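In: From the sequence below, what's the structure:
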Amino acid sequence: MSKELVAMVGDESADEIMHQFSQLGSSLHVELPESVEDCMNKVVALANRQFCDAAKMGMHLLWLKSVTKHGEYTTLLNEKGIHERLARRSIAIAKMLLSLPKSKTDKLSVLNMNQHQLSELTKVPIETLKELDDEDYEVLAETSGTAIKKQVAELIDKKTELEDTLAQTINELENERLRKAPTTRFDLPIFISEIRKDAVVHTELLNEALQQAQAGVRQLCELRSLDLTDRISAAQVVHHAYASIYTQIGTMLSQIHMEFGNHVQGIDNLPQFDDAEWQYVDTERERLLESFKLDLNKGDK
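Out: Residues are numbered from 1 along each chain as shown. Below is the predicted model:
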């Protein structure tokens, strides 16, 4: 490989050029134009064709990658003499075009970008391009090719700043909403209403779990044909798990009895809820139960 060529375009590009040269099936015929204007028209036509051909090639290669098995894609490129760097560049152009807003992909000429600008856009990560909207691309259309990357970074920073401002505004509105939130519900302070509701909802979940646990323990104790070591290990886990819950419940009940003493009646003398409060509790209970079951199903998967 020529050292002058490497010095001019770099190792990778030189390797690709030599590879493409080796794939030429016939001599390369070039017809020189008669004037500067004709020359530039030809150059523009070739540049447009080169970009469009590369985009079409990239689309085909993306499809090829999606339908071939692992490793088969590279093998096919090697068999047909397609340089990997050429393939990567074509795919980058195709991905860049696919990431443009729908209105731009329908009519790319609306962007008013030259080939240099579009080529520079292919060097920007696809994830970044997806964050830009139509107005951003209009700004890029007026940006020189050499400044495309910098302009994209500035647009992203501006979007981030706007998002931060929006988040701050939302937080301020939420704080204002909480400040003006009512302090009573069902003629009770919010805290009292919440703790009454939570007591019913949470024990509903616990009761359901306890019923399943009781049925399991009953079987564990009765199926003595099973290996004793395995039964003991299961019993140990159940004992520790529910002993922890028992300790927490005992602590909570002790605090209540120490503070309220005989004012707290037995389980047969529960305070009465009005119809609206029971409806609220039932709604919250159903919501929590559904959420619990969904999380449980996700865990099983």
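In: and the helix or strand where residue 41 lies, what does it pack onto?
Out: Per DSSP states H and E: residue 41 is located in helix 36-67. Using 3 or more CB pairs under 8 Å, 6 or more residues apart in numbering; DSSP states H and E, the elements in contact with helix 36-67 are helix 72-79, helix 84-99, helix 115-121. Every C-beta, even on glycine, is put in place using the N, C-alpha and C of the backbone.
In: Buried residues, it. List them.
Out: By neighbour count with 16 or more other CB atoms under 10 Å, helix 36-67 contains the buried residues 51, 54-55, 57-59, 61.
In: Export the helices and strands packed on helix 36-67 as JSON lines, with columns for distance to residue 33.
Out: Below are these laid out as JSON lines (distance: least, CB to CB, whole Å):
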{"stretch": "helix 72-79", "distance to residue 33": "35"}
{"stretch": "helix 84-99", "distance to residue 33": "27"}
{"stretch": "helix 115-121", "distance to residue 33": "19"}
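In: of all these, which lies closest to residue 42?
Out: Between residue 42 and the helices and strands packed on helix 36-67, the tightest spacing by CB to CB is seen for helix 115-121, at 14.1 Å.
In: okay, residue 157: pLDDT?
Out: On pLDDT, residue 157 comes in at 78.
In: what about it, how many neighbours?
Out: 10 (other CB atoms under 10 Å).
In: before we move on, which element is it in?
Out: helix 148-179.
In: List the buried residues for that helix?
Out: In helix 148-179, counting by 16+ other CB under 10 Å, buried: 148, 151-152, 155.
In: Stretch 238-253 too?
Out: Residues of stretch 238-253 classed as buried by neighbour count (16+ other CB under 10 Å): none.
In: re earlier: which element follows the helix holding residue 157 toward the C-terminus?
Out: Criterion used, DSSP H and E; the element after helix 148-179 is strand 184-185.
In: Just the mean pLDDT for that next one, thanks.
Out: 74.
In: Can you point out the buried residues in stretch 225-236?
Out: Applying 16+ other CB under 10 Å to stretch 225-236 flags no residue as buried.
In: Would you enumerate the residues in contact with the closest residue to residue 235 other than its chain neighbours?
Out: Of all residues not flanking residue 235 in the chain, residue 220 sits nearest, at 6.4 Å (CB to CB, 6 or more residues apart in numbering). Residue 220 is in contact with 231, 234-235, 238, counting by CB atoms under 8 Å, 6 or more residues apart in numbering.
In: Name the helix or strand for residue 220, please.
Out: Using DSSP H and E, residue 220 falls in helix 190-222.
In: Pull out the buried positions in that helix.
Out: Those would be 193, 196-197, 200-201, 204, 220, for helix 190-222 by 16+ other CB under 10 Å.
In: Give the residue spans of the stretch 101-250 of the chain that score low on pLDDT.
Out: 101-131, 133-134, 136-138, 141-142, 145, 176-182 (pLDDT under 70).
In: For stretch 48-63, list the C-alpha coordinates in CSV.
Out: Below are the C-alpha coordinates for stretch 48-63, written out as CSV (Å, rounded to 0.1, in the frame of the first residue of the first chain):
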residue,chain,number,x,y,z
ASN,A,48,-25.9,13.4,-4.9
ARG,A,49,-25.8,10.0,-6.6
GLN,A,50,-23.0,8.8,-4.2
PHE,A,51,-25.0,9.9,-1.2
CYS,A,52,-28.3,8.4,-2.5
ASP,A,53,-26.6,5.2,-3.5
ALA,A,54,-25.0,4.9,-0.1
ALA,A,55,-28.4,5.5,1.6
LYS,A,56,-30.0,2.8,-0.6
MET,A,57,-27.2,0.4,0.1
GLY,A,58,-27.5,1.0,3.8
MET,A,59,-31.2,0.3,3.7
HIS,A,60,-30.5,-3.0,2.0
LEU,A,61,-27.8,-3.9,4.4
LEU,A,62,-30.0,-3.2,7.4
TRP,A,63,-32.6,-5.6,6.0
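In: can you give me how far it is from the chain middle?
Out: In terms of CA atoms, centre = their mean, to the nearest Å, the centre of stretch 48-63 is found 29 Å from the chain centre.
In: Next SSE downstream of the helix holding residue 220?
Out: helix 228-260.
In: for that next one, packing partners?
Out: Against helix 228-260 (3+ CB pairs under 8 Å, 6+ apart) you get helix 190-222.
In: Report the inter-axis angle for the helix it packs on versus helix 228-260.
Out: 150 degrees (axes from the mean of the first three to the mean of the last three CA atoms, to 10 degrees).
In: Centre of the chain to helix 190-222, how far?
Out: That offset, for helix 190-222, works out to 36 Å (CA atoms, centre = their mean).
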